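>>> Could you look at this predicted model? Sequence included:
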There are 2 protein chains.
Amino acid sequence: MNKNDVTDRARRAKKAGLIVGAAGTAKKDQALRSMADSLMEQRTAIMKANAVDMENARAQGLPAAFLDRLAITEKTIKSMADSILEVRALRDPVGEIIRAWTRPNGLLVGRMRIPLGVILMIYESRPNVTADASALCIKSGNAVILKGGSEALHSNRAIAGLLSDALERASLPREAIQLIDTPDKDVLYDFLKQDELIDLVIPRGGEGLIRAVAEHSRIPVLKHYKGICHVFVDADADPAMAESICFNAKVQRPGVCNAMETLLVHKDSAAEFLPAMIDRYRKAGVEIRGCEKTVHIVPDVRRATEEDWFTEYLDLILSVRVVDSLDQAIEHINHYGSHHTDSIVTKNVGNSMRFLREVDSSTVLVNASTRFSDGFQLGLGAEIGISTSKLHAFGPMGLEELTAQKFVIMGNGQIRE
Amino acid sequence: MNKNDVTDRARRAKKAGLIVGAAGTAKKDQALRSMADSLMEQRTAIMKANAVDMENARAQGLPAAFLDRLAITEKTIKSMADSILEVRALRDPVGEIIRAWTRPNGLLVGRMRIPLGVILMIYESRPNVTADASALCIKSGNAVILKGGSEALHSNRAIAGLLSDALERASLPREAIQLIDTPDKDVLYDFLKQDELIDLVIPRGGEGLIRAVAEHSRIPVLKHYKGICHVFVDADADPAMAESICFNAKVQRPGVCNAMETLLVHKDSAAEFLPAMIDRYRKAGVEIRGCEKTVHIVPDVRRATEEDWFTEYLDLILSVRVVDSLDQAIEHINHYGSHHTDSIVTKNVGNSMRFLREVDSSTVLVNASTRFSDGFQLGLGAEIGISTSKLHAFGPMGLEELTAQKFVIMGNGQIRE
């Protein structure tokens, strides 16, 4: 694929996007139904394509966890189809007028949700993203260009192909779902230069992938590099609630971006709280790295280095710091954190209000686990990614974040004096 | 200023922004009052600085219109101070919870407006933007880095200096308002690389300036290159209303971005409508360039070229095309337009709904002049720019567009199962 091919593909996506964007909900829902049906009907073909990818991956000696993410079973396909039907059941955001007001001259001014246009979705091994992202983009009236991991190329080709066929059966342009089916990095970089035709890039994967995308893109990128999430146990936190939340935030699923990486404890509750908490962590296999004061309270804890405070372990490791005050906790989070998700456990209303207001993160919680920072858990009905930069979207992104708002104005002959 | 100085300046802006962002409305309003007072008190010093700029500009032989935009009089200063007080009177968007809902597990999930952080504002000759942009950024809890036209350097230095002093008097950090006071382009380009410290760039000025900024920026840029605005007179438009709107949209202020550049007329109303309309335009000094059918109806009209449909005249020139249908009108606008502002004049409800929905522009009007596409006219209370790309903001941007939304969540001990 040379540069002209890339521009041509992007231009056709743009054109297809305009048609999907103007399509009514019924037509889009028909397409989504057809996409789900096709997945189920053609599951043998999908699994056959996936077998090729699996064989290549095994031949390359890729680790078991990788193979596990790559594998497509009957169950995976059923779950992809179900996800599409769930997106289908969500309210269509396109055309919604979220607010309207009347001006003194009688003009009715409203803000209407419209699709963004063309989304370039870049992701790593899991082939289910191919179906999930397509469903979210079509429901929100956008075209999508998909770039999955090269190890999943055969699987993604099979899935994207049948999704395009399904669009056509619903009289929508098949090019509203396109797959970049070459592992050639330069082709991806050429797509990332198409800022006149592609409206948004969403990379999902490791920090390396995301940095490379941001580096090469002339198109706006919604991304998060890291999730260094904190829980702050305040001086007057309910001890049982604090322990339950801190344990859940770290241990329930340590490998994900909304798991806690650093525990901050107010100096007035540290001596009471930390010994039992650390004991419980250790029984669950969590390694603790503590500040000087933590080590003073629980002597056999390993000392944390400055680097620990900046680290996203994604593992059963936790750094622990005793802080002097709410101010110091907020300062620590805003300095070492990643603007992702942070929680305070407190009974103090004033402190909870200050924490909500002053912590500069996309999701800020009071008396709840950081693990709730997720589009489904927050009630968005879906999640296409998480943004930790503030422009356009901040935090988990659902269907609405795939739309923009235009001004729509109804008059009866108004002119400007 | 070398690269380290630039990073240092940006870092100090970021730090100052966090303090302004956490400040309450009362403190910000006190600063705005102090800014307005300082302008009035130090008007002699401002006009003295402006006299240096004016002298240099005259020596360079800059045109009268340029000098006019550059000049600062007592009246200009009064109007700058008044604008600051108007911004002060607007509702503080920071901390507003625009929506909140309860999840089945009892979590209360809300979206709270927060400042973006640091705004880099780039503009050309008018020194009043220095005061206007500063007021909007401070009110919305942001820090601002200002880069005005080099011809206004002395004026901007005087204004920005006293605004910083005013911040200090209100116990806010003076570095929340900073001026890049060198005309060196490389310094500006170094600022445009500070994507870790600066959150948004808003360039205001000619297309050349805006393209150069977009080209060099690693920070998201909210911009509009051109305003190629259309009015479509439908088959059953009220003729008097159509004439009044079309005249206003073209003639009331032809040099601005929301003035009409192309008139589209449905073929069924063209023969009736165009002769009188064109006659009225010509009496107002408007040059008409028409399509073949227009020339057929009014024979002495000059033929429009393909390029005319893409042209923003910003002058008393109008291109006119007769179209066969609403579809052709929408197609023309989405193809030749600039996604800025477009209006339909019609009595037909169905056509008005289709136009609102299908025209891919930031402001779409029914039975009103394109000249209403303006933050003040739409009731935003202010305007810091207009965006014609869909990410983050689309159309006129007021205070709210200088904010992001974070998720704030109140629980009572919820953990994930």
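Here it is on my side, so go on.
>>> Enumerate the residues of the stretch 51-200 of chain A near chain B.
Proximity of the stretch 51-200 of chain A to chain B, by Cβ under 8 Å from any Cβ of the partner chain, involves residues A:95, A:101, A:103, A:107, A:109, A:112, A:114, A:116-117, A:199-200. Yep, even glycine has a C-beta here, placed from its N, CA and C like the rest.
>>> ok, which stretches of the stretch 251-400 of chain A are helices?
Along the stretch 251-400 of chain A, counting by DSSP state H, counting those that start in this stretch, helices occupy A:267-283, A:292-297, A:306-309, A:326-336, A:349-358.
>>> Just tell me which of those ends up closest to chain B.
Shortest distance between chain B and the helices of the stretch 251-400 of chain A, using Cβ to the nearest Cβ, is found for helix A:349-358: 4.7 Å.
>>> Quickly list the domain ranges of chain A.
Per automatic domain parsing, the structural domains of chain A span A:3-223+A:396-408, A:229-377.
>>> and the end-to-end length of the shortest one?
End-to-end distance of domain A:229-377: 17 Å, with Cα to Cα, to the nearest Å as the criterion.
>>> Repeat that for the first one.
Domain A:3-223+A:396-408 has its terminal residues 37 Å apart, counting by Cα to Cα.
>>> Same check on stretch A:304-313?
Stretch A:304-313 has an end-to-end distance of 13 Å (criterion: Cα to Cα).
>>> and what of stretch A:388-405?
When the end residues of stretch A:388-405 are compared by Cα to Cα, they are separated by 21 Å.
>>> related to what we said a few turns ago, which members of the residues of the stretch 51-200 of chain A next to chain B are the farthest-apart pair?
Using Cβ to Cβ, these span at most 31.7 Å, a distance reached by A:103 and A:200.
>>> Please say which of the two ends up with more neighbours.
A count of neighbours by other Cβ atoms under 10 Å in any protein chain shown puts residue A:200 above the other of residue A:103 and residue A:200, at 22 against 15.
>>> Beta-bridge partners for the more buried one, please?
Assessed by DSSP bridges, residue A:200 has beta-bridge partners residue A:119.
>>> any idea how far chain B is from the residue nearest to residue A:191 when sequence neighbours are not counted?
Taking Cβ to Cβ, 6 or more residues apart in numbering or on different chains as the measure, residue A:191 lies nearest to residue A:6, with 5.6 Å between them; neighbours along the chain are not counted. Separation of residue A:6 from chain B (Cβ to the nearest Cβ, to the nearest Å): 20 Å.
>>> So for the helix or strand residue A:6 falls within, what gets flagged as buried?
Assigned by DSSP states H and E, residue A:6 falls within helix A:3-22. Applying a neighbour-count criterion of 16 or more other Cβ atoms under 10 Å in any protein chain shown, the buried positions in helix A:3-22 are A:6-7, A:9-10, A:12-14, A:16-22.
>>> neighbours around residue A:367, how many?
Neighbourhood size, residue A:367 [other Cβ under 10 Å]: 23.
>>> Show me what the helix or strand that the helix holding residue A:6 is followed by is packed against.
Counting by DSSP H and E, the element after helix A:3-22 in chain order, helix or strand, is helix A:25-41. Contact partners of helix A:25-41 among helices and strands, from 3 or more Cβ pairs under 8 Å, 6 or more residues apart in numbering or on different chains; DSSP states H and E: helix A:74-89, helix A:128-139, helix A:153-169.
>>> Among those, which comes closest to residue A:181?
The stretch from these with the least distance to residue A:181 (Cβ to Cβ) is helix A:153-169; that distance is 5.5 Å.
>>> what sits up against that closest one?
Identification of contacts with helix A:153-169 by Cβ atoms under 8 Å, 6 or more residues apart in numbering or on different chains yields A:31, A:34-35, A:37-39, A:42, A:45-46, A:48-50, A:52-53, A:70, A:72, A:80, A:127, A:130-131, A:134, A:138, A:146, A:148, A:173-179, A:181, A:183.
>>> which of these are buried?
A residue is treated as buried here by neighbour count (16+ other Cβ under 10 Å); on that basis the buried members of the contacts of helix A:153-169 are A:31, A:34-35, A:37-39, A:42, A:46, A:49-50, A:53, A:70, A:72, A:80, A:127, A:130-131, A:134, A:138, A:146, A:148, A:173-179, A:181.
>>> OK, now which residue of the stretch 201-350 of chain A is nearest to chain B?
Shortest the stretch 201-350 of chain A-to-chain B distance, computed as Cβ to the nearest Cβ: residue-wise this is residue A:248, at 3.6 Å.
>>> could I get the domains of chain A as JSON lines with mean pLDDT?
Formatted as JSON lines, the domains of chain A follow (pLDDT from 0 to 100):
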{"stretch": "domain A:3-223+A:396-408", "mean pLDDT": "96"}
{"stretch": "domain A:229-377", "mean pLDDT": "97"}
